[in-house]
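Enquirer: sharing a model prediction with you, sequence too.
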Amino acid sequence: MSRSSGRRGQVEPLAAIVAVFALGVGLTVYAGAVDDALPGTEPRNVAQPTLSAVEDTVETAGVVRPGRLDGTKSAAPAGRRLNVTLTAGDRRWSRGTSPPDSAQLASTRVSVGLESGRVQPGRLTVRVW
């Protein structure tokens, strides 16, 4: 047997680690590019994050104030329209234009602060299109 036959197929450990790392990075970049290029079956859901932003805007100390609904316009995602509705019992407050049927919807239960310090259970609903 020749002297070099015992070393055939061997690679330095550092070179092997670099090769595996490069292969992993290449596959990750490829998978990301393919994922971005393929059309999705549904549009991205922006209603739930928008609801969180609206709730942060109108809520103070765990209570939603109807008078603060005017500040919700800034919570709309870029290039999207927003409708915010707050209901408590038989009372209803709404801001924004009337949404189409295809608008994304998210809603949560909240405590609504009414005049004279009363708090009543209610629902905050956001529609984004």
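Expert: Perfect, I can see it now.
Enquirer: only C-alpha atoms for contact and neighbour calcs from this point on.
Expert: Noted.
Enquirer: ok, the residue nearest the centre of the chain to residue 13 distance?
Expert: The centroid of the chain falls nearest to residue 49 when counting by Cα atoms, centre = their mean (4.3 Å). Applying Cα to Cα, to the nearest Å, the value for residue 49 to residue 13 is 47 Å.
Enquirer: which of the three states applies to residue 109?
Expert: Of the three states, residue 109 takes strand according to DSSP: H, G, I helix; E, B strand; the rest coil.
Enquirer: what bridges to it?
Expert: residue 123 (DSSP bridges).
Enquirer: list the contacts for it?
Expert: Neighbour list for residue 109: 121, 122, 123, 124 [criterion: Cα atoms under 8 Å, 6 or more residues apart in numbering].
Enquirer: and the residues you listed as CSV, adding pLDDT, neighbour count and distance to residue 94?
Expert: Shown next, in CSV, are those (pLDDT from 0 to 100; neighbours: other Cα atoms under 10 Å; distance: Cα to Cα, whole Å):
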residue, pLDDT, neighbour count, distance to residue 94
121, 96, 14, 17
122, 95, 20, 13
123, 96, 17, 12
124, 95, 23, 10
